[in-house]
Each structure stands twice: as structure tokens, then as C-alpha cells.
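# Predicted model and sequence follow; I will ask about them next.
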Amino acid sequence: MTDRLIPFLARPGAAAIGLFAAIGRSAIFAGRAVWGALTPPYYPLRFLEQLLVIGYFSLPVVGLTALFTGAALAQQIFVGGSRFNAESTVPAVTVIAVVRELAPVLGGLMVAGRVSSAMAAELGTMRVTEQIDALSTLRTDPFQFLIAPRVIAGTVVMPILVLVANAIGVMGGYLISVYRLGFNSASYLETTRAFLEVDDIISSMVKAAVFGFLLSLMGCYHGYYAGGGAAGVGRATTNAVVSAFLMILLANLIITVIVFG
């Protein structure tokens, strides 16, 4: 009986140990990244470069995502509200849903798909071609030179992206409501302003900063520990995107429960 039970428990036990080992290694990596960001030397040019790569070049995809999502959301709320004679709730529900949830979450996922994969591919290529080892040989800390600028830039620029996404998402709902669903422009804007609270914007910005930290951290983590040539870089890229998605969704749940629980 024991001979059969031990192999049966060995596989899930090994998976659990591997999961906890990965969590521990990620936590240590995050600590080293934060320490590298707080201690000199600093590399402002690398930071500015990452601001451009993560922030400016992500604006089109984040803006379009917010626009289409806000418009589709307003349409669906109108259709659902019409069943209960509650069509007037469209502007209030749209602005709350966009600002609290959709803009930060969808914006974070889109940026993660674009940025986390790029970070993992770049750092993974540097790892397998021994460029990271060369930096250490030249007495340059890879965490300060490669990781810290990316993590800081992601944390700083994501709230800006989400703030833009909030405005564009609300505008998408406004456009389809006014020009297709027959809402009055002035009353729609007044209802939107009345139901939008400062706490909604603050929670959106907090979520965005956390998401930016997580997506850049996951991209750097998987790229830094990539191995096995080109195939290893491909696995690191895939794992970076998947883990960034999962971390964003988990963090969103935790923050939502804490703030609005």
C-alpha cells in the first residue's frame, strides 16, 4: 500500500515544492530589483529610454483598447438596462466600470502583452549570449543597469497610461451613447461627473502602479533566468506574459477587495 501511495503523492508534492520555490525566487528577485533601484549608481538615460518604450509606444494600443471597450460597455449596459427601464444608468455605470476596473486591468494586460514579452526576449537573449555575465565581469550590477530602470519606468508610467485610458474609455461610452443611443450630451456629461468620485481615480492609479511593477518585474524575471538557447528564450517570453497576466488579475482582485470590500 505504501509503495503505491508514495509515487501517487510524489508528483503533486514536487509540483507544490516547485511552486513555492518559484514564489520565493520571484520575491528575492523583486527585493533585489527594488534595492538596485534605491541604491547608486543610477542610470537616468536607461530609465528615460524605458519610459519611452513602455509608455509612449504603448499609448496607441492602450487608447484603442479603452475606446472600443468603453463604447461596447455603454452599448451593453443600455441593452441590459432597457429590460428594466433603467437606460438612464448608462453614463454612471460606464464611468464607474471603466475607471475602477476596465481601464487599469485591460490597459495592464495590453501593456503586459507588449512589454513583458519584449523584456523577457531582450534579457533572455542577453543571458544566453552571456552579455549579462559580461556586465558582471565589468563590475556593473545587472540589477542596477538592466532591471531597476525597467521596473521603475513601468511603475511610474502605467498610472499615466491608465489615466489616459480612463478619459478615452469614458469618451468611447459618450460617443456611442450620444450619437447612437440618443442620450443628451450635456446630461450625459453631468451624470458622469456626478458619479465619478476621487476614490475611484485614486484606486485606478494605485492599481496601475502595482500592475506596472508586476508586468515589468515578470518580464525581467523570466528573461534574466532564461536558458537553453533560442528555445529557452521562447519559453521565457511565454512564461513572462502568462505570469504577468495572472499576477495582474490576482492583484486586481486583492486591491478591489481591500478598497471596495
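Cool, got the structure.

# Surely residue 33 and residue 218 touch.
No: counting by Cβ atoms under 8 Å, residue 218 is not a contact partner of residue 33; they are 11.2 Å apart. From N, CA and C alone the C-beta is placed, and that goes for glycine too.

# Those two: who's more crowded?
When neighbours are counted by other Cβ atoms under 10 Å, residue 33 and residue 218 differ, and residue 218 comes out ahead with 28 against 24.

# top helix in the protein by residue count?
The longest helix of the chain (DSSP state H) is helix 2-38.

# continuing past it, what's the next helix or strand?
Downstream of helix 2-38, the first helix or strand assigned by DSSP states H and E is helix 44-54.

# May I see the buried residues of that following helix?
By neighbour count with 16 or more other Cβ atoms under 10 Å, helix 44-54 contains the buried residues 46, 47, 50, 51, 53, 54.

# avg pLDDT for it?
The predicted model assigns helix 44-54 a mean pLDDT of 92.

# Packing partners of the strand or helix carrying residue 80?
Residue 80 is located in helix 59-82, with elements delineated by DSSP H and E. On a contact count with 3 or more Cβ pairs under 8 Å, 6 or more residues apart in numbering; DSSP states H and E, helix 59-82 meets helix 90-97, helix 103-111, helix 148-179.

# chain center to the helix or strand that the second one is followed by, what's the gap?
Translated: helix 103-111. Remark: after helix 103-111, the chain's next helix or strand is helix 117-128, criterion DSSP H and E. Relative to its chain's centre, helix 117-128 lies at 19 Å (Cα atoms, centre = their mean, to the nearest Å).

# what angle separates helix 117-128 from helix 44-54?
If you take axes from the mean of the first three to the mean of the last three Cα atoms, to 10 degrees, helix 117-128 sits at 130 degrees to helix 44-54.

# other SSEs contacting the next helix or strand after helix 117-128?
Note on helix 117-128: by DSSP H and E, the next helix or strand toward the C-terminus is helix 131-137. Packing contacts for helix 131-137, counted by 3+ Cβ pairs under 8 Å, 6+ apart, involve helix 117-128, helix 142.

# Looking at the helices and strands packed on helix 59-82, which one is packed in the most?
When the helices and strands packed on helix 59-82 are scored by mean count of other Cβ atoms under 10 Å, the highest mean neighbour count falls to helix 103-111 (a mean of 25).

# Output that helix as PDB, restricted to C-alpha atoms.
These are the backbone C-alpha positions of helix 103-111, laid out as PDB (Å, rounded to 0.1, in the frame of the first residue of the first chain):
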ATOM      1  CA  ALA A 103      -9.100  50.800 -17.900                       C
ATOM      2  CA  PRO A 104      -6.500  49.600 -15.400                       C
ATOM      3  CA  VAL A 105      -7.000  45.900 -16.000                       C
ATOM      4  CA  LEU A 106      -7.300  45.900 -19.700                       C
ATOM      5  CA  GLY A 107      -4.600  48.500 -20.000                       C
ATOM      6  CA  GLY A 108      -2.300  46.500 -17.800                       C
ATOM      7  CA  LEU A 109      -3.000  43.300 -19.800                       C
ATOM      8  CA  MET A 110      -2.300  45.000 -23.100                       C
ATOM      9  CA  VAL A 111       0.900  46.600 -21.900                       C
END
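
# Give me the contact list for that helix.
With contact meaning Cβ atoms under 8 Å, 6 or more residues apart in numbering, helix 103-111 is reached by 54, 58, 61-62, 65-66, 69, 158, 161-162, 165-166, 169, 204, 207-208, 211-212, 215, 245, 248-249, 252.
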